[in-house]
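Chemist: I'd like to go over a predicted model; first the sequence, then the structure.
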Amino acid sequence: MGRGRAKAKQTKVARELKYRSVSTDFSSLERELRSPSDGIPDQYADLADAYDDDADELDEDEDDDESWPLRRSG
């Protein structure tokens, strides 16, 4: 079973998107786009900081590896 079902589903979704009447809340969208936050909810800010710290440590480790010559396979 392959493309037949997948194509039928894609066609159905495309038809729904094309003909469905959607009421978009533009004021909510505008608030979201103008928001000065970095997009991380406050409840997850501490986790984001922890991951940023881990990423900084990995970046420092990668700087040490740059002294090794690069090898290409093949």
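Modeler: Okay, I see it.
Chemist: what pLDDT, on average, does whichever helix or strand E32 is part of get?
Modeler: Using DSSP states H and E, the element containing E32 is helix 26-34. For helix 26-34, the per-residue pLDDT values average out at 83.
Chemist: send me it as PDB with only the CA atoms.
Modeler: Output of helix 26-34 as PDB, limited to C-alpha atoms (Å, rounded to 0.1, in the frame of the first residue of the first chain):
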ATOM      1  CA  PHE A  26      -5.600  39.000  13.600                       C
ATOM      2  CA  SER A  27      -5.400  41.000  16.900                       C
ATOM      3  CA  SER A  28      -4.100  37.900  18.700                       C
ATOM      4  CA  LEU A  29      -1.600  37.200  15.900                       C
ATOM      5  CA  GLU A  30      -0.400  40.800  16.000                       C
ATOM      6  CA  ARG A  31       0.200  40.600  19.800                       C
ATOM      7  CA  GLU A  32       2.100  37.400  19.300                       C
ATOM      8  CA  LEU A  33       4.300  38.800  16.600                       C
ATOM      9  CA  ARG A  34       5.000  42.100  18.400                       C
END
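Chemist: and that helix, which residues are buried?
Modeler: The neighbour-count check on helix 26-34 (16 or more other C-beta atoms under 10 Å) flags nothing as buried. Bear in mind the C-beta positions are built from the backbone N, C-alpha and C, glycine included.
Chemist: by contact count, what packs against that helix?
Modeler: With contacts taken as 3 or more C-beta pairs under 8 Å, 6 or more residues apart in numbering; DSSP states H and E, helix 26-34 sits against no other helix or strand.
Chemist: what average pLDDT does the helix or strand hosting Y51 get?
Modeler: In the assignment (DSSP H and E), Y51 maps to helix 45-65. Average pLDDT, helix 45-65: 70.
Chemist: next: stretch 15-23.
Modeler: On average, stretch 15-23 scores 86.
Chemist: how long is it from one end to the other?
Modeler: This stretch, stretch 15-23, spans 17 Å end to end (C-alpha to C-alpha, to the nearest Å).
Chemist: what are the buried residues along it?
Modeler: So for stretch 15-23, nothing qualifies as buried (16+ other C-beta under 10 Å).
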